[in-house]
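[1] Give me a 3D structure for the following:
(chains A and B)
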Amino acid sequence: QQPVQSPQAVILREGEDAVINCSSSKALYSVHWYRQKHGEAPVFLMILLKGGEQKGHDKISASFNEKKQQSSLYLTASQLSYSGTYFCGTETQGGSEKLVFGKGMKLTVNP
Amino acid sequence: NAGVMQNPRHLVRRRGQEARLRCSPMKGHSHVYWYRQLPEEGLKFMVYLQKENIIDESGMPKERFSAEFPKEGPSILRIQQVVRGDSAAYFCASSPVSRANTGELFFGEGSRLTVL
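    Numbers count the residues shown, from 1 in each chain, chains lettered A, B, ... in the order given. Sure, this is the predicted structure:
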């Protein structure tokens, strides 16, 4: 079951904040976040495991609410380099090996 | 340390021809995953392989598609008798151990297949 990401696209000015949501209709074991720039490989950002943890590095952080079956990625004081498409990948069963990705959220950060 | 290498980066085939996509995982990685990406769509899981074994092929179409990861050499995704609907970007990812343990996939830059 493909997770639903919202919004689908956002345009920001440098320094503004953004929140990307990822919701699932099934109970989640883990949520994985990746960023893909146009024509490039997706790059791993972080993984959140069941337990409602929050993670972050630099100005990118994420939360995972397993009761609501959703995760949110927070981009603070966005930089031009944050532009790209953000995908969440969900795992509904520990050790399943298979990530199911959402359709992505396209973020454009302008000067 | 070279990343995941995929070739060709771009491939054009006519309907009915065969497409072979190659993926060399990062050094030391023995787990390979193939994903397909259509325009404006997410990455769709196709198959998970370890050396000489197919572990999960639940995302592979039942016909025309096959994958292998031999003891020596790259992983190969083979599409026989291609149709226009096969046009997509095919991404390979690798990990050093079972992804369930580490969580991180290292992706290649993809092979873009166009079927005329």
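[2] May I have the beta-bridge partners of the residue positioned nearest the centre of chain B?
    Centroid-nearest residue in chain B, with CA atoms, centre = their mean: B:Trp34, separated by 3.4 Å. B:Trp34 has the following beta-bridge partners by DSSP bridges: B:Val47, B:Cys92.
[3] shouldn't it be in contact with B:Ile54?
    No: counting by CB atoms under 8 Å, B:Trp34 does not reach B:Ile54; the two are 10.7 Å apart. Yep, even glycine has a C-beta here, placed from its N, CA and C like the rest.
[4] Quick check: neighbours shared by those two?
    Counting by CB atoms under 8 Å, 6 or more residues apart in numbering or on different chains, the residues touching both B:Trp34 and B:Ile54 are B:Val47, B:Ala67.
[5] In CSV, could you pull the C-alpha coordinates for stretch B:89-97?
    Provided in CSV are the C-alpha atoms of stretch B:89-97 (Å, rounded to 0.1, in the frame of the first residue of the first chain):
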residue,chain,number,x,y,z
ALA,B,89,13.9,4.9,-15.1
TYR,B,90,15.3,1.7,-13.5
PHE,B,91,17.2,2.3,-10.3
CYS,B,92,19.5,-0.2,-8.6
ALA,B,93,20.4,0.1,-4.9
SER,B,94,22.8,-1.9,-2.8
SER,B,95,23.5,-2.4,0.9
PRO,B,96,26.3,-4.2,2.8
VAL,B,97,23.9,-6.3,4.8
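[6] quick one: contacts for the closest residue to B:Val4 other than its chain neighbours?
    Ranked by CB to CB, 6 or more residues apart in numbering or on different chains and with sequence neighbours excluded, the top spatial neighbour of B:Val4 is B:Gly108, at 3.7 Å. Residues counted as contacts of B:Gly108 (CB under 8 Å, 6+ apart) are A:Ala41, B:Gly3, B:Val4, B:Met5, B:Gln6, B:Cys23, B:Phe91, B:Cys92, B:Ala93.
[7] any idea which element the fifth one lies in?
    With the criterion set as DSSP states H and E, the secondary-structure element containing B:Gln6 is strand B:5-7.
[8] Tell me the helices and strands packed up against that strand.
    Other helices and strands packing on strand B:5-7, by 3 or more CB pairs under 8 Å, 6 or more residues apart in numbering or on different chains; DSSP states H and E, are strand B:19-24, strand B:88-95.
[9] Now do the contacts for the residue nearest to the centre of chain B.
    B:Trp34 touches B:Cys23, B:Phe45, B:Met46, B:Val47, B:Leu49, B:Ala67, B:Ser75, B:Leu77, B:Tyr90, B:Phe91, B:Cys92, B:Ala93, counting by CB under 8 Å, 6+ apart.
[10] Chain A versus B:Glu104, what's the distance?
    Using CB to the nearest CB, to the nearest Å, B:Glu104 is found at 5 Å from chain A.
[11] pLDDT weak spots in chain A?
    Residue ranges of chain A with pLDDT under 70: A:51-56, A:94-96.
[12] for chain B, what are the nearby residues on it?
    Proximity of chain A to chain B (CB under 8 Å from any CB of the partner chain) is limited to residues A:2, A:30, A:32, A:34, A:39-44, A:47, A:87, A:89, A:94-104.
[13] just the strands in chain A please.
    A:4-6, A:9-13, A:18-23, A:30-36, A:43-49, A:54-57, A:60-65, A:70-75, A:84-91, A:100-101, A:105-110 (DSSP state E).
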